[in-house]
Structure formats: C-alpha cells, structure tokens
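>>> No sequence on hand, only this structure:
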C-alpha cells in the first residue's frame, strides 16, 4: 500500500508536514553524519530499541537506504525532524506498519543538544495528525523503558493510554528490557477537537476525501486514583555510596532498582513507617533524628498515584543485609544512572547526585 504523499516509484514526492517550529520530511543521505552523531550519543542510544552502541560506521547510510525503500513500499514511514527556519536535523520519528497498513508501532528520538525544548511533543503531535488524518490509521502503539520518565510523559501528553507491560530489545543495554506499552485509536484521537497543524500534506489527499477531523486535544482526564504513601531513603555509607535494592521476582516491576523503603500504614508517620521497613527489609535500626527529609516523588501509575518522601540517612545500627531475598548494591552517585529504576525513583537521581 503506497503511502499518501509518495508515488509508487519514488519517495521524492513525499510532501513535508509542518508545525510552528518543525518540519517532518523524508530522510536524505546527506542526513547520515548527523544521524550517526546524534543517535550514537550514549544518552540517546540507551533509551532506544534496536539501536546499538557504539553506532558503527556505515550503519546510518544503510538505515537511510532502508527507510527510503520502506517509504516507497508503504510498510514503514521514517521522517527527519528538522527545524523549519534552518533545516537543522534534531531527531527522527517513524512508524512500522502492520501488513494491512491500518495500525503500527510509533518510535522517535531527539538528539541530546535539543532536549527540553518541546520538540518531542511537537513532533509526536504532528506525526499523529498525519497518521490519523491523512493515512486514516486506526491504531497506534508506542513503548518506552519503564524508568524513562520524560518519554512516558510525552506519550501521555500526546493522548496515548497505558495498555500493558512488555519487553523490547535494547542492544545498547545488552538485550531485552521491560517497557510500558501505550496505545491510541483514531476514535480517541478524534474525541476532542482542536485546530489542525499547518501541513503541506493536505493537498496530497484525494479530492473526494471528506475533510479530516481536527487534531485531538492531547491530554485526557482520568478517573481519580487512590493515593499511596510510601517512604524511601538514600542510605549513604562512609565512602559516599548510595544503597539500591532490586525488586524481587513476584513483585510488580520486578528486576528494577529502587531506594529502600515501603508503604506507610495507617497510624504511622512517614518516618515511623520507614524505620519499620528498614528493620524488616535490611535488619538495621535507624533513629528518627537520623532521617533528614530530602525531596519527594509524585507519580501517577496506571492504578494509583504514588506520593513518596525521600529521606537521607548516614547513621544506623547493625549491618545492612537483605532480609527478603532482594539483591543489594552500593553505588557511587555518578553511576546511579546505570541502574534501571521505577518511574517514580528515576527523577530523584539527578537531585541526589547534585547533593552528594
């Protein structure tokens, strides 16, 4: 099935899609050097499925050739994300379509120098508009690492809904890793009207095609979720290392690393609950005046909202030993990023690292 905006013989007919700041255009061979530089950055590659690290010479050229062939065939659409004012490539966005062409899996990345500028959500919204309006796709799926909080936020802001957990291959991380899977249907996309993006793709629609519905608002409200209070602590040893505990098999998010702690039960203060949990989980005794409030996490999971104060502690009585079969590791602050964490714990790492 050839895609809208491309002829059956050449992908050069693909008309770009424009938003306020960005343009999504076909990927050219001249983009190879920048793709290799941006996707080859460890801070980008470690979050990408199917992208190896280091990024070998010739890989970008091969991938671009594959993308251009797939664009003609209509089974995969990969587009360069560039700034409209200077054609500067800032990332890539694409979708792998299922054989019938009515559904597919979305993926994207933004180069490290262009993070925190709103490019990702702008590109995702723009691309979804094309998929659901021009291509009349029925369903889009996307996945991201469970601890990749920025990407999770982008998918949720774009209107995708959490569906399930699964695994994807992450060559840069050495194999399969757990991911959160999100979906969006065309009906959900069309639910709330909003002004459509400026697009050079609109003339490519067939003349007898009825006007496409406007782009949906990206943030949907959800039913109230119960708030779960959990206390956690950054235990710091004499060498300045931080203790992480791995969630054991049988628990949700098994295999991820987290700061020790647990749920605060009725009648307990956060400090009292943490003191109890540390004794039960690690076999140590901690005094309340040794727990220094540091920061907190507030995170919406699928079925509840987590509120988690994080304390810092440098003094305790007893030897730290796992009491519940969990793995433990002492980690230097600069290496905390190397451990996969639950979404609620992950954003606390940068603050803790700066503090230490």
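Received the coordinates, thanks. All values reported here derive from a predicted model rather than from experimental measurement.
>>> where does the residue nearest to residue 35 when sequence neighbours are not counted fall, helix, sheet strand or coil?
Excluding its sequence neighbours, the residue lying closest to residue 35 (CB to CB, 6 or more residues apart in numbering) is residue 60, at 4.5 Å. (Glycine included, C-beta is placed from N, CA and C.) Put simply, residue 60 is helix when judged by DSSP: H, G, I helix; E, B strand; the rest coil.
>>> hang on, isn't residue 60 packed against residue 37?
No: using CB atoms under 8 Å, residue 60 is not in contact with residue 37, being 9.0 Å away.
>>> Who has more neighbours out of these two?
Neighbours were counted for residue 60 and for residue 37 using other CB atoms under 10 Å; residue 60 has more, 22 against 16.
>>> who's in contact with the more buried one?
For residue 60, the contact set (CB atoms under 8 Å, 6 or more residues apart in numbering) comprises 31-33, 35-36, 39.
>>> so can I have CSV of the residues you listed showing neighbour count?
Formatted as CSV, the contacts of residue 60 follow (neighbours: other CB atoms under 10 Å):
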residue, neighbour count
31, 21
32, 18
33, 12
35, 22
36, 19
39, 22
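>>> Phi and psi next, for the residue sitting nearest the centre point of the chain.
The residue lying closest to the centre of the chain (CA atoms, centre = their mean) is residue 151, at 2.6 Å. Main-chain torsions, residue 151, degrees, to the nearest 10: phi -70, psi -40.
>>> swap in the one 3 residues further on?
When quoted as degrees, to the nearest 10, the phi and psi of residue 154 stand at phi -60, psi -50.
>>> Contacts only, for it.
Neighbouring residues of residue 154 by CB under 8 Å, 6+ apart: 120-121, 124.
>>> out of those, who has the most neighbours?
When neighbours are counted by other CB under 10 Å, residue 120 leads the contacts of residue 154 with 25 neighbours.
>>> Return the distance of that residue relative to residue 321.
Residue 120 is 43 Å from residue 321, where distance means CB to CB, to the nearest Å.
>>> what's the answer for residue 146, then?
28 Å.
>>> Show me which of those two is the more surrounded one.
residue 146 (20 against 10).
>>> Backbone dihedrals for the more buried one, both of them.
For residue 146, the backbone dihedrals (degrees, to the nearest 10) come out as phi -60, psi -30.
>>> What of residue 37?
Dihedral pair for residue 37: phi -70, psi -50, per degrees, to the nearest 10.
>>> Show the contacting residues for it.
By CB under 8 Å, 6+ apart, the contact set of residue 37 is residue 111.
>>> do residue 292 as well
311-313.
>>> between those, which is nearest residue 242?
When the contacts of residue 292 are compared for distance to residue 242 (CB to CB), residue 312 wins out at 9.3 Å.
>>> Neighbours of residue 21, how many?
By the criterion of other CB under 10 Å, residue 21 has 15 neighbours.
>>> go on, residue 350?
Residues within reach of residue 350, counting by other CB under 10 Å, total 11.
>>> can you list contacts of stretch 80-96?
By CB under 8 Å, 6+ apart, stretch 80-96 touches 18-19, 21-28, 31, 34-35, 38-39, 67, 75-79, 104-111, 114, 119-120, 123-124, 127, 131, 137, 140.
>>> OK, contacts around the closest residue to residue 236 other than its chain neighbours?
Among residues not flanking residue 236 along the chain, residue 314 sits closest, at 5.1 Å (CB to CB, 6+ apart). Contact partners of residue 314, counting by CB under 8 Å, 6+ apart, are 235-236, 290.
>>> from these, which is closest to residue 326?
Using CB to CB, the shortest approach to residue 326 within the contacts of residue 314 belongs to residue 235, at 13.7 Å.
>>> Does the residue nearest to that closest one when sequence neighbours are not counted belong to a helix, a strand or coil?
Counting by CB to CB, 6+ apart, residue 243 is the residue found nearest to residue 235 once chain neighbours are left out, at 4.2 Å. Judged by three-state DSSP, the three-state class of residue 243 is strand.
>>> So residue 243 sits against residue 237, correct?
Yes: counting by CB under 8 Å, residue 237 is a contact partner of residue 243 at 7.4 Å.
>>> Between those two, which has more neighbouring residues?
residue 243 (18 against 12).
>>> Contact partners for that one?
Applying CB under 8 Å, 6+ apart, the residues contacting residue 243 are 234-237, 259-260, 320, 328-331.
>>> State the number of residues packed around the nearest residue to residue 17 once chain neighbours are set aside.
Leaving out its chain neighbours, the residue that sits closest to residue 17 by CB to CB, 6+ apart is residue 24, at 4.5 Å. Here the number of neighbours of residue 24 (other CB under 10 Å) works out to 24.
>>> how about the contacts of residue 60 in a markdown table, adding pLDDT and distance to residue 169?
What follows is these, written out as a markdown table (pLDDT from 0 to 100; distance: CB to CB, whole Å):
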| residue | pLDDT | distance to residue 169 |
| --- | --- | --- |
| 31 | 96 | 24 |
| 32 | 96 | 23 |
| 33 | 96 | 26 |
| 35 | 96 | 20 |
| 36 | 95 | 20 |
| 39 | 93 | 16 |
